[in-house]
Structure formats: C-alpha cells, structure tokens
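K.L.:
sequence plus predicted model, see below.
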Amino acid sequence: MSTTSTRPDSQSQHSSVHSETVRSAVNISDDEEYSTKPEFIYGGPFIKVEKPCPFLNTATPMNVQLQGTFKKSFAYYSLKERLPIILTKVIDYLSREGSKIKSANSASDEDIRGYIQYITKLKNDLVTNKKYDLLTVDTPEARKWNEWISNTENQYYFTNIWVFSECYVYRRLREGCELSKGLQNFDPFDEQKEQSFVNSLEPMCVVADKLMTMLPPSDKDKRKADFMTLLKICLWANKCDLSLSLGEQVTLNSADGSSGVKKIIDPFQIVNDLKDKLLVDDTAKISDLVVTKAEAVARAIEGNTNLKTKCSCNRLATLAGLPPCKQECCEEAKPSEEGATEGEAQQVPCPGKLTVPPAVMFDVVCDNAGYELFADLCLAHFLVSQNIVKKVRFHVKRIPWFVSDVTPRDFKYVIRSCAQASYSREVPMESKPEGEAEAAEPEGLRSVNSNNLANLGGIWRKLVDDGTFVVMCDDFWTSPHVYKDMKQHDPDLYRKLQFAVAVMFKGDLNYRKLLGERNCNPTLGFEAALQGFTPAPLIALRTVKADLVCGLPKGKWEQLNGIDDKWMEKGDYGVIQLCAKTEALRASERPCAPGGEVDDV
Ligand SMILES: O=P(O)(O)OC[C@@]1(O)O[C@H](CO)[C@@H](O)[C@@H]1O
C-alpha cells in the first residue's frame, strides 16, 4: 500500500517532484512581517514599531484547536505549502487542458482566463495571510458563509482555526466557477478522481469477488466476521486520498512477485498486513451494536401505533415564521387513496413528529471518491443484503471539496464505471516460502477480472433507483463548522442523522470535525472527544493524516512519536472507533426538515 509522506524533509517522491512549485508558490515571510515594521510618525522620521507576531515556533499545544500559527504543526505546513500547491495545480490544469475544458463545459477563453486570475489571487491572499474576502455570489448558502466569516474573531488564513481556513479555500475555489458564465458545472478535480478510479480497478475486482461470497444469508458468526472485515477494507481505502498526496495518484501498492511480475493487489491481504497499524479496533463492538440496534428499530417501527393523523407542521412553521411545510405527509389528514380509512392515512407520519425512525437506516458520511467510495458501497450492499438494514444513506459534498471528496456526480460516475468495468490480469501463482506447507512450486496462474465488479455496479444502480441507496448532500458538509456545532447551525441535518441506526464518518477531515479540530489528549476517550455530538451511535473510520487523535492506549502516542515524529501526517496508521451514546429522538419543535436527497443520481 502506498504511503505518501508530505513534508519536505521526507524522502517522498511528491515532495521532491514539487519542491520547485513549493518555492515559487510560497512567499509568506511571517516572522519578518510581524517583528518590526517601519511606520511613519507624523512630523517625524520613519521609525520601527514592534507588532506582536502571532506565529509560535512550536507544535500545537494540547487541548488547543489546530491553527496555522503553530509553525511546527501540520496546519502551518498545509496552509503554507500544501494548499498553495493544490491551487497551483488547478491553474496548471486550466492552462494545459483549456481547450478540453472549454468544449466540455461550453466555456469561453474569457471564462478560463477569469478563473485562473481568480485562483491566482486566492493563492496569493492565502500565502500572504490576508484577511478573508466575503463571498460575492448571492445565494442563501453563500450568505450564511458571509455571516460566519463576519462573526469569526480571526478572519485571517493562518490565525483562524485550520479547518475553517481550509474549507474557506475550497468554498472560494467553487465561487470562482459560480462567478463564471461557462464553468458553472466545472469540477477542477474531475480528471484526477476519474484517473484514480481507473488505477484502482484491480483491488476493486478482488474485493468484488470476495463480496459476492459475503452477500447470501449467513450464520451469525460468519456475518459478524464479514462485517468486521469490510469495516477494515473501508478504513484502509481511506489511504486513497488525493488531497494529502497533492493530487498525485495514490493506489494500493503491491510488491513484485517471484516471477518479477507485480503481484495481484489484494486488499484483504493488506488488512492482514496492517494489523499492527490499526491503533483502535472497535469493529467487533460496531458489528454487535449495529445488528442489535437495527433489530430494535425494526421492532419499534413495526409496533408503532402512535402515529399522528394530523401533523402540526403548519402551526410550527407559522410560529417559526417559516413557509408552511410542503411535504405530502403534512397535509391535512386526507386519505391517500380512494377508500382508504383514517387508519391507513396514519401510516404516513410527519418526519418532524416521529419518535421512531421511518426506516431501518445506516448512514455513511462519505470521504473520497474512487476506491474509497467503492469500499463504502460494498459495506452498504452487505448490510442490505444481510437484511441488517433496509436503507443506506450516503452523505456527499455538493461541491468539489478537498480534491477527492465524493460529489453526487462522482457517486454516479463510480457506480456507472463499476457497471462498465472491463479488466483482467493473470499472474503466475506465487510459491510459498520454504518451510510452509505446499513448498513445491505451485502451478498455474492466478487471474483477476471485472465480471463480479460489473455485476455489482448493475445491482447498485438498481438499489439507487429503488431508493435503497439514498444520496444526500446537505450544505452543512461543505460549511466550516465542526460537528459539535451541527445542532446549532443545521438542526434539520442533526435530526436526519438521529434516524440512523448508526452513522459512519469516513476519513480524516470528518475526524477533525468530530473532534472539534482540537488537539485533545490522545488518551481521551472518543465519547468525551466528541464534546456532546451524539445524534446516533457514531463510528469513525480514519487513517491518521492530521496531528490530532483520541482514544489511544496510554503510552502509544509517545511510542509512535519516538519512531517517527511525522507519523500523524502520512495515513499509515488507522483507527476504527465507536461512540454508542445517543441522544433520544424526540418530536421536533420545528417544522419538517426538507429532504436533502439528491434526485439525479
Ligand atoms: O478526509 P481525508 O480525505 O481522509 O483527508 C483529508 C486531508 O488530506 O486533508 C487534510 C489536509 O488538507 C488532512 O487533514 C487530511 O490528510
């Protein structure tokens, strides 16, 4: 499996390839900027005046939020070097592939030029630690962003919380398209995401073959073992992230076999090989909890006789000064079909009033497209086909985000491309090391092909069409907010999550937001680290790519620091964590929330 070391002092290919770009991209002179500055004193000469420097030559102190002012932190390095490179690469892409982009988007030269200028200014503002500009597009979502920017204490790239600045840059990158005539639907990372899918075909074929054996109804023990294995496949798929690798392709690696031919990439073997790098493993607890909770929710749904005939959404809406709810279920209790009795009408309760979820659902808050999304789809398919849950909701990003995060278009692309996959490779069988059974040279070839992958793609298409797989993209996921503040900023999304049997958060960015971007004590428990964010049982699957973590056994963090002080920036280690604590689902005091579902998937 490839690891992507990102610091300039590492030996990674990425840092050497890009060192030139780094030098030209970055010109912040933080210390000189802040130490002394000549100022004109009226009627006198220019004199040097001390200006307090916000930069500290330290790592992020414990219990403090990550921020670009700590010069030995990954936040500082990311804002100073990684993010500018990502922006430079978008500019390169626009210059290099201008004609292709123009014809695919019906855009003009002016659109391309304008977008390049827009990104160049954004990059410049970032590296010189300017104050954020307000967004200039006028949409409700952009107005919210402007409200948060105006209310944030520190409106500078390096002095605000890292996650806010990073999200702000991706939001601005999107604004550049929104402001242009011809680039409204342009995704600056589309090519990289598609290439990364293609590069991962082989491990997808291997996982698809194995998944086919996990789908038929199985006994409890096998079901639990398969569930746990798939969680681990989902975890290590989070290594394939194009933002950490600065857009360079990242795929699961395989070594050369004894015949000199690359071995088949086998993600199940990788799960085994990386056993010691899994620092917290709650997979058994997760499997037990999801199954038990799903059964309880199914029973509650079946026995729910407490449905309202008439929902009070309109009254609530009026009280809240909002337009009345348009959902069918909220209309006055009228029989849905001719001849339906009042009892039948009761079967459609108002979502705002439900104290029992409408269906047995499992939620995935997605991270990266390509191989990682494929792995999430495999887990979702397993949960549905084992009849553990009835629906899986995938929460994706409405706009291009952190290079490789899933958008609705990527979701569609991955399923379509699986369905159309055509791949096959044959590799001579490996002989087992001497001393092991069957030491004799095995005969024949091991082959891998995309037949099962294509079948799965076809099934997933149907699961999307019949509403078993639901794609949702609430704006909150592309806001800068950490999750403990979700209830305040998006109570409707919080309530939607409360309907889930469990919510699985994928990846590093989600993890940072779960922990409130706070560098807590690494031994602090996951539940405490969540700071009260408990809409449903929460699962975090994350390879460690930023310098914060919780739930580690005593002494582990110190031990790993002793081995490699940059271990938290490379995605080599992972955690699978569960917080079972949940806030009870009560009838809402607000009118019904709009669906948030994406129709065109
Ligand atoms: O969420 P993901 O895809 O696992 O990781 C996103 C990521 O690459 O972006 C951040 C830096 O930009 C890091 O925290 C993290 O490594």
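P.N.:
Here it is on my side, so go on. Numbers count the residues shown, from 1 in each chain.
K.L.:
kindly report the residues of the protein close to the ligand.
P.N.:
Within the chain, the residues that sit near the ligand (C-beta under 6 Å from any ligand atom) are 78, 166, 238, 241, 243-244, 367-368, 402, 507-509, 512, 545-546. Placement of C-beta: from N, CA and C, glycine included.
K.L.:
which ones among these lie within helices?
P.N.:
Of these, the ones assigned to helices by DSSP state H are 166, 507-509, 512.
K.L.:
which pair of those spans the longest distance?
P.N.:
Farthest apart among these by C-beta to C-beta are 166 and 507. That separation is 13.6 Å.
K.L.:
kindly tell me how buried the nearest residue to residue 545 once chain neighbours are set aside is, as a neighbour count.
P.N.:
The shortest distance from residue 545 to any non-neighbouring residue, by C-beta to C-beta, 6 or more residues apart in numbering, is to residue 508 (4.1 Å). Each residue near residue 508 was counted by other C-beta atoms under 10 Å, and the total is 24.
K.L.:
for residue 552, see how far away residue 508 is.
P.N.:
16 Å (C-beta to C-beta, to the nearest Å).
K.L.:
and which of the residues of the chain next to the ligand is nearest residue 518?
P.N.:
residue 512 (9.0 Å).
K.L.:
that closest one contacts residue 545, doesn't it?
P.N.:
No - proximity of residue 512 to residue 545 does not meet the contact threshold set by C-beta atoms under 8 Å, at 9.2 Å.
K.L.:
for the stretch 451-600 of the chain, which segments count as strands?
P.N.:
469-472, 500-506, 538-543, 574-579 (DSSP state E, counting those that start in this stretch).
K.L.:
state the mean pLDDT of the longest one.
P.N.:
By that I understand strand 500-506. Per-region confidence: strand 500-506 scores 98 on mean pLDDT.
K.L.:
what's next to that strand, contact-wise?
P.N.:
Contacts with strand 500-506, where a contact means C-beta atoms under 8 Å, 6 or more residues apart in numbering, come from 234, 238, 286, 289-290, 293-294, 297, 357, 360-368, 372, 376, 379, 389, 393, 497, 511, 514, 535-542.
K.L.:
next one: stretch 374-386
P.N.:
197, 200, 204, 207-208, 211, 214-218, 223, 226-227, 230-231, 233-234, 237, 267, 290, 362, 364, 366, 389-392, 394, 414-415, 418, 456, 459-460, 463, 468-469, 504, 506.
K.L.:
residue contacts, residue 563?
P.N.:
Residue 563 touches nothing, counting by C-beta under 8 Å, 6+ apart.
K.L.:
that one and the ligand, how far apart?
P.N.:
Noted for residue 563: a distance of 20 Å to the ligand, by C-beta to the nearest ligand atom, to the nearest Å.
K.L.:
kindly report the same for residue 387.
P.N.:
Computed as C-beta to the nearest ligand atom, the residue 387 to the ligand distance reads 31 Å.
K.L.:
nearest residue to the residue nearest to the spatial centre of the chain in space, please, no chain neighbours.
P.N.:
Nearest to the mean C-alpha position of the chain, counting by C-alpha atoms, centre = their mean, stands residue 367 at 2.2 Å. Nearest residue to residue 367, sequence neighbours excluded (C-beta to C-beta, 6+ apart): residue 507, at 3.0 Å.
K.L.:
thinking again about what came up before, which of the strands of the stretch 451-600 of the chain sits most buried?
P.N.:
strand 538-543 (a mean of 28; mean count of other C-beta atoms under 10 Å).
K.L.:
which residues sit against that one?
P.N.:
231, 234-236, 238-239, 241, 282, 286, 502-508, 510-511, 514, 526, 530, 571-579.
K.L.:
so where do the helices sit in the stretch 451-600 of the chain?
P.N.:
Using DSSP state H, counting those that start in this stretch, the helices of the stretch 451-600 of the chain run over 451-465, 486-489, 491-498, 507-514, 526-529, 556-563.
K.L.:
what sits against residue 417?
P.N.:
Contact partners of residue 417, counting by C-beta under 8 Å, 6+ apart, are 197, 457.
K.L.:
at 10 Å instead, please
P.N.:
For residue 417, the contact set (C-beta atoms under 10 Å, 6 or more residues apart in numbering) comprises 194, 197-198, 201, 204, 370, 374, 453-454, 457.
K.L.:
now do the SS call for it.
P.N.:
helix (DSSP: H, G, I helix; E, B strand; the rest coil).
K.L.:
can you tell me how far the closest residue in space to residue 98 that isn't next to it in sequence is from residue 403?
P.N.:
Nearest non-adjacent residue to residue 98, counting by C-beta to C-beta, 6+ apart: residue 112, 4.9 Å away. Separation of residue 112 from residue 403 (C-beta to C-beta): 20 Å.
K.L.:
go on, residue 300?
P.N.:
41 Å.
K.L.:
quick one: residue 568 from residue 121, how far?
P.N.:
Using C-beta to C-beta, one obtains 32 Å as the distance from residue 568 to residue 121.
K.L.:
ok, back up a step: ok, of the contacts of residue 417, which one's closest to the ligand?
P.N.:
Relative to the ligand, the closest of the contacts of residue 417 is residue 370; by C-beta to the nearest ligand atom it sits at 11.0 Å.
K.L.:
give me the number of residues near the closest one?
P.N.:
Residues near residue 370, counting by other C-beta under 10 Å: 30.
K.L.:
got the contact list for residue 497?
P.N.:
Counting by C-beta under 10 Å, 6+ apart, residue 497 touches 361, 363, 365, 393, 395, 474, 483, 486, 490, 503, 533-536, 538.
K.L.:
swap in residue 59?
P.N.:
Taking C-beta under 10 Å, 6+ apart, one finds 70-76, 519, 547, 565 in contact with residue 59.
K.L.:
part of a strand, is residue 181?
P.N.:
No - if the criterion is three-state DSSP, then residue 181 is coil and not within a strand.
K.L.:
I figured it was touching residue 109, is that so?
P.N.:
No - between residue 181 and residue 109 there is no contact under C-beta atoms under 10 Å: 11.7 Å.
K.L.:
re the thing from before, which one's more surrounded, residue 300 and residue 403?
P.N.:
More crowded of residue 300 and residue 403, by other C-beta under 10 Å: residue 403, with 23 against 13.
K.L.:
pLDDT below threshold where in this structure?
P.N.:
1-50, 240-260, 305-350, 430-443, 593-594 (pLDDT under 70).
K.L.:
the strands in it, which residues?
P.N.:
36-40, 46-50, 278-281, 361-365, 391-395, 424-428, 445-449, 469-472, 500-506, 538-543, 574-579 (DSSP state E).
K.L.:
now the ones you listed as a markdown table including distance to residue 62?
P.N.:
Formatted as a markdown table, the strands of the chain follow (distance: least, C-beta to C-beta, whole Å):
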| stretch | distance to residue 62 |
| --- | --- |
| strand 36-40 | 31 |
| strand 46-50 | 29 |
| strand 278-281 | 18 |
| strand 361-365 | 27 |
| strand 391-395 | 31 |
| strand 424-428 | 49 |
| strand 445-449 | 47 |
| strand 469-472 | 36 |
| strand 500-506 | 23 |
| strand 538-543 | 20 |
| strand 574-579 | 19 |
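K.L.:
from the chain's centroid, how far away is stretch 183-197?
P.N.:
Taking C-alpha atoms, centre = their mean, to the nearest Å, one finds the center of stretch 183-197 at 16 Å from the center of the full chain.
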